[in-house]
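Undergrad: sequence and predicted structure, then a few things I'm wondering about:
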Amino acid sequence: MQSNEERRKQRENDITDRGESEEEDDNPHPCKRAMISPFEELFAADDELKMKSTESSKLSIDNKVDAEIKMYQDIPPTMTSDDPAAWWWKQKNAYPFLSDLASSYLYTICPERSRILPEKADMLIFLNKNC
């Protein structure tokens, strides 16, 4: 039979051992690496290239959108009597991203829906954008 002092020391050792094992889990041994399948290992280089190209294309799309916005801001304003849908249709080659965005809004709020309330128009735009 163990005395109270021996039991207390045993509990302290158990707690210390658990604390050390938790620290080891946080910092895995450098020689150990995650298990990957042979298929993943075979195509690891291709996957890495795809990840890099995806990141660079995202950056280039952001740059293209910024350039479109700057070009759009530099053009003179159009007359209010001009048809906005027709204007954006003509400009779709010059502003591909902005024309897609504008057309989604312009066809949501059109003359056939001219009597809808602003709240309903906001809901339609939300649904058009998210569905």
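TA: Structure received.

Undergrad: who's in contact with residue 109?
TA: With contact taken as C-beta atoms under 8 Å, 6 or more residues apart in numbering, residue 109 is in contact with 116, 121, 124, 125. (C-beta placed from N, C-alpha, C; glycine too.)

Undergrad: for it, pull up the helix or strand it's in.
TA: According to DSSP states H and E, residue 109 maps onto no helix or strand at all.

Undergrad: give me the pLDDT value at it.
TA: Looking at residue 109, its pLDDT is 71.

Undergrad: equivalent analysis for residue 16, please.
TA: Turning to residue 16, the model gives it a pLDDT of 57.

Undergrad: got it, and residue 8?
TA: 66.

Undergrad: which residue is the nearest non-sequential neighbour of residue 65?
TA: Using C-beta to C-beta, 6 or more residues apart in numbering and skipping residues adjacent in sequence, the residue nearest residue 65 is residue 97, 5.2 Å away.

Undergrad: so where's the protein shaky on pLDDT?
TA: Scanning the chain for pLDDT under 70 picks out the ranges 1-9, 11-34, 56-59.

Undergrad: just the helices in it please.
TA: In the chain, helices defined by DSSP state H lie at 4-26, 38-42, 44-74, 84-90, 96-106, 118-130, listed in chain order.

Undergrad: in TSV, list those along with distance to residue 112 and mean neighbour count.
TA: TSV is the format used below for the helices of the chain (distance: least, C-beta to C-beta, whole Å; neighbours: other C-beta atoms under 10 Å):
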stretch	distance to residue 112	mean neighbour count
helix 4-26	62	10
helix 38-42	53	9
helix 44-74	27	11
helix 84-90	12	13
helix 96-106	12	15
helix 118-130	12	11
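
Undergrad: for the closest residue to residue 103 other than its chain neighbours, give me its contacts.
TA: Residue nearest to residue 103 in three dimensions, not counting chain neighbours: residue 88, with 5.9 Å by C-beta to C-beta, 6+ apart. Contact analysis of residue 88 by C-beta under 8 Å, 6+ apart lists 95, 98, 99, 102, 103, 106.

Undergrad: for the second one, which non-adjacent residue is spatially closest?
TA: When the adjacent residues along the chain are set aside, residue 98 lies closest to residue 68, with 5.3 Å between them (C-beta to C-beta, 6+ apart).
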